[in-house]
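Colleague: Build the 3D model from these lines:
(one chain, ligands or ions: 1)
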Amino acid sequence: MTVLLTGFAPFGGSATNPSWQAARLVAARRDDVVAVELPVEFGTSLPALRATIERHRPSLVVCAGEAGGRSAVTPERVAINLIDARIPDNAGDQPVDVPVMAGGPAAYFTTLPVKAAVAAIQAKGVPAAVSHTAGTYVCNQVFYGLMHLLATEFPSLRGGFVHVPSAPEQTGAGRPALEVQQSAEALDALITTALTTVDDLDVSAGTLN
Ligand code: PCA
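Modeller: Okay, here's the model as predicted:
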């Protein structure tokens, strides 16, 4: 049983990306987890993801990214077929209002038990909440591309996406952030939950706005 856990390269002028730092920590302490860093480039992130799935043949794929401005770990529920980049990617590309997959469905839902994962992460003392948007940048592209791949080519594979907050050393004092160790704890709990939970919790995690 192999779990593929991806994180992202630094982007947007930052020297580090806590999603990759946390993914590496998890892989160092779990021998069922392989950690792979994905590029923050619209042109190469999905080919890199496909290559790494074909190479490792995992039974679970969890992609992680950094969400600046969030203070909780947020398993994502919905990937949308839209790219609208607010800043250029690491190759200088800034696509606006284009689909991730031309002709693909408007959205895919995660196949991770996100509510059970949130409960498990909170039980570790780490702030967590279900999120209903992964944005419109490279993270959402990878999330949508992953779910498209699973729906069309790897139907027995489960997967999804989770955002982690920036690390305190990246933000100024008083800005939303979370220690990388805590993000790693959360990813670890999310993976364990996904491996052991078939049906998600029947509790509300909806929002009114
Ligand atoms: N966060 C960005 C891209 C890479 C990352 O870690 C995003 O949320 O789209």
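Colleague: Would you enumerate the residues in contact with Gly145?
Modeller: Neighbour list for Gly145: Ser45, Leu46, Leu49, Val100, Met101 [criterion: Cβ atoms under 8 Å, 6 or more residues apart in numbering]. C-beta coordinates here come from the backbone N, C-alpha and C atoms, glycine included.
Colleague: Please indicate which of the residues you listed are buried?
Modeller: Among these, those classed as buried by 16 or more other Cβ atoms under 10 Å are Ser45, Leu46, Leu49, Val100.
Colleague: Thr136: how many residues sit nearby?
Modeller: When neighbours are defined as other Cβ atoms under 10 Å, Thr136 has 18 of them.
Colleague: Looks like it contacts Asn81 (just checking).
Modeller: No - using Cβ atoms under 8 Å, Thr136 is not in contact with Asn81, being 10.3 Å away.
Colleague: How far off centre is the longest helix along the chain?
Modeller: When the chain is parsed with DSSP state H, its longest helix is helix 180-196. Offset of helix 180-196 from its chain centre (Cα atoms, centre = their mean, to the nearest Å): 12 Å.
Colleague: Go through it and flag the buried ones.
Modeller: Residues of helix 180-196 classed as buried: 180, 182-191, 193-194 (neighbour count, 16+ other Cβ under 10 Å).
Colleague: Roughly how far does Thr52 sit from Thr207?
Modeller: 33 Å (Cβ to Cβ, to the nearest Å).
Colleague: who's more crowded, those two?
Modeller: Thr52 (17 against 9).
Colleague: Next, the contact list for the more buried one, please.
Modeller: So Thr52 contacts Leu4, Thr6, Val36 (Cβ under 8 Å, 6+ apart).
Colleague: What strand or helix carries it?
Modeller: Taking DSSP states H and E as the definition, one finds Thr52 inside helix 45-56.
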